[in-house]
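Participant: A predicted structure for the sequence below; I have some questions about it.
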Amino acid sequence: MIILALPRFFDTDPILTVLTGRVAGGPGPSRYQLVDAAGKVVLRALVRWFTGHSTITVSLNIINTYQFYPTVAVTVTDARIGRPPLWRPPITDVEIRALDDWAYEHIYPFTGVGHTDGDSWYDVTIIASSLPWLTGYTFNWGY
């Protein structure tokens, strides 16, 4: 399956288009053809492939709350982390879960100050991001 983000013809909002078939071309930016199962070319495009290894920069406001210790506020500035799996804000429940999973993998490791006894709660707000739509998102763990 190949997932492409294509603009709508009568609207400025992008849509997500899912096409099945095979891609003719090589890695990196180049010309590609999307061919359906019958061998008919259904799309010709100049495509730049994005890998899961791309990164973004974020600044975080972290509130670490502990059962037996004082609350600790931490600011992380310009941390380079893996890019989320979405190219726009999540809309569906599946996309929201994907963003939450991404945050747990890439943002949660910034939480905590080393206390291991008692319960703990973490609230992390993205206060700046090289991916603008992420700015303002808050993630919570431990509740």
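Facilitator: Happy to help now that I have it.

Participant: check contacts around residue 84.
Facilitator: Residues in contact with residue 84, defined by C-beta atoms under 8 Å, 6 or more residues apart in numbering, are 56, 98-99, 102-103, 106, 131, 134. C-beta coordinates here come from the backbone N, C-alpha and C atoms, glycine included.

Participant: Which entries within the residues you listed meet the buried criterion?
Facilitator: The neighbour-count test (16 or more other C-beta atoms under 10 Å) marks 56, 99, 102-103, 106, 134 as buried among the contacts of residue 84.

Participant: now, which of the contacts of residue 84 lie within strands?
Facilitator: residue 56 (DSSP state E).

Participant: Just give the nearest non-adjacent residue to residue 131, would you?
Facilitator: Nearest residue to residue 131, sequence neighbours excluded (C-beta to C-beta, 6 or more residues apart in numbering): residue 56, at 4.8 Å.

Participant: what sits against that neighbour?
Facilitator: 80-84, 129-131, 134.

Participant: could those residues go into JSON lines alongside pLDDT and distance to residue 39?
Facilitator: Listed next are the contacts of residue 56 as JSON lines, based on pLDDT from 0 to 100; distance: C-beta to C-beta, whole Å:
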{"residue": "80", "pLDDT": "96", "distance to residue 39": "43"}
{"residue": "81", "pLDDT": "96", "distance to residue 39": "42"}
{"residue": "82", "pLDDT": "94", "distance to residue 39": "37"}
{"residue": "83", "pLDDT": "94", "distance to residue 39": "34"}
{"residue": "84", "pLDDT": "94", "distance to residue 39": "36"}
{"residue": "129", "pLDDT": "97", "distance to residue 39": "43"}
{"residue": "130", "pLDDT": "95", "distance to residue 39": "41"}
{"residue": "131", "pLDDT": "93", "distance to residue 39": "38"}
{"residue": "134", "pLDDT": "97", "distance to residue 39": "41"}
